[in-house]
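next come a sequence and a model predicted from it.
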Amino acid sequence: MKIAIYPGSFDPATNGHLDIIERSSRFFDKLIVGVLDNPRKKSLFKINERIEMLYEITQHLPNIEIDYFSGLTVEYAREKGASVIIRGLRAMSDFEYEFQMALTNSKLAPEMEMMFLMTSSKYSFLSSSMVKEIAMFGKNNLQLIDFVPETIARRTIEKYHLGSNGREE
Ligand code: ADP
């Protein structure tokens, strides 16, 4: 069975992430989307929220597993029996970092292959940080509708604009 891992923060997942998931999953029996639980990186969504959202937006795909991990991606990939790690590339700025990671991973796990998918042009500018920025300054789900699935738009707006009692602030 050919298994691939798509690791990332997914804080939150965007249409750009979903595009990479849909396109890459076609080439494998199973694609595991691995949410990195990194306590040193401040995140908007808790790990279980990020998993829940990924689960909701990938219901139409038959061969996706949503999971989380901490520590080295290559170790996690080995544990899951994966032979390929998927990453998405948006711009030259991604390339620099990804190239360094790929070389490091190939030293740590020579049997593991890194595969890079070029972003679709309509998502080339799209990042989780941009989505958070729009949600922080806007209150309308519609402003996010081109960037994230509806359920994620709603939850991201709620994060910034609803208090812990569920009332608008
Ligand atoms: P990380 O913190 O590991 O970079 P992200 O959730 O930001 O986690 O991204 C996970 C992966 O998805 C990375 O390979 C990133 O380059 C890719 N990615 C993010 N946004 C897009 C997009 N709009 N188009 C294509 N790939 C993307």
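Arrived safely.

contacts, neighbours, all on C-alpha from now
Fine.

hey, where'd the strands end up in this structure?
Per DSSP state E, the chain carries strands over the ranges 3-8, 30-36, 64-69, 84-89, 113-118.

in space, what's closest to Ile157 - neighbours in sequence excluded?
In space, and not counting its chain neighbours, Ile157 is closest to Ala135: 5.2 Å by CA to CA, 6 or more residues apart in numbering.

who's in contact with that neighbour?
Leu144, Thr156, Ile157, Tyr160 (CA atoms under 8 Å, 6 or more residues apart in numbering).

could you double-check that Asp11 lies in contact with Leu44?
Yes. The criterion here is CA atoms under 8 Å, and Asp11 meets it with Leu44 at 6.5 Å.

look up how far Asp37 lies from Thr156.
According to CA to CA, to the nearest Å, Thr156 and Asp37 sit 19 Å apart.

settle it for me: which of these two has more neighbours?
Shown here are Thr156 and Asp37; by other CA atoms under 10 Å, Thr156 has more neighbours (25 against 17).

what packs against the longest helix seen in the chain?
In the chain, assigned by DSSP state H, the helix with the most residues is helix 92-108. The helices and strands touching helix 92-108, judged by 3 or more CA pairs under 8 Å, 6 or more residues apart in numbering; DSSP states H and E, number zero.

can you list the low-confidence ranges for the chain?
By pLDDT under 70, the weakly predicted segments of the chain are 163-169.

buried sites along the longest helix of the chain?
Across helix 92-108, burial judged by 16 or more other CA atoms under 10 Å covers Glu98, Ala102, Asn105.

I'd say the second one and Met115 touch.
No. Checked against CA under 8 Å, the pair Ala102 and Met115 is beyond contact range at 9.2 Å.

center of the protein, which residue is that?
Nearest residue to the geometric centre of the chain (CA atoms, centre = their mean): Phe10, 3.4 Å.

if I pick that one, what's in contact with it?
His17, Val35, Arg50, Ser128.

any chance you could map the helices in this protein?
So, for the chain - with DSSP H - the helices run 15-25, 47-57, 73-79, 92-108, 128-137, 150-161.

chain center to the longest one, what's the gap?
Per CA atoms, centre = their mean, to the nearest Å, the displacement of helix 92-108 from the mean C-alpha position of its chain is 17 Å.

can you tell me which residues in the chain are near the ligand?
Taking CA under 6 Å from any ligand atom, the part of the chain that reaches the ligand is made up of 8-10, 16-17, 87-90, 119, 123-124, 126-127.
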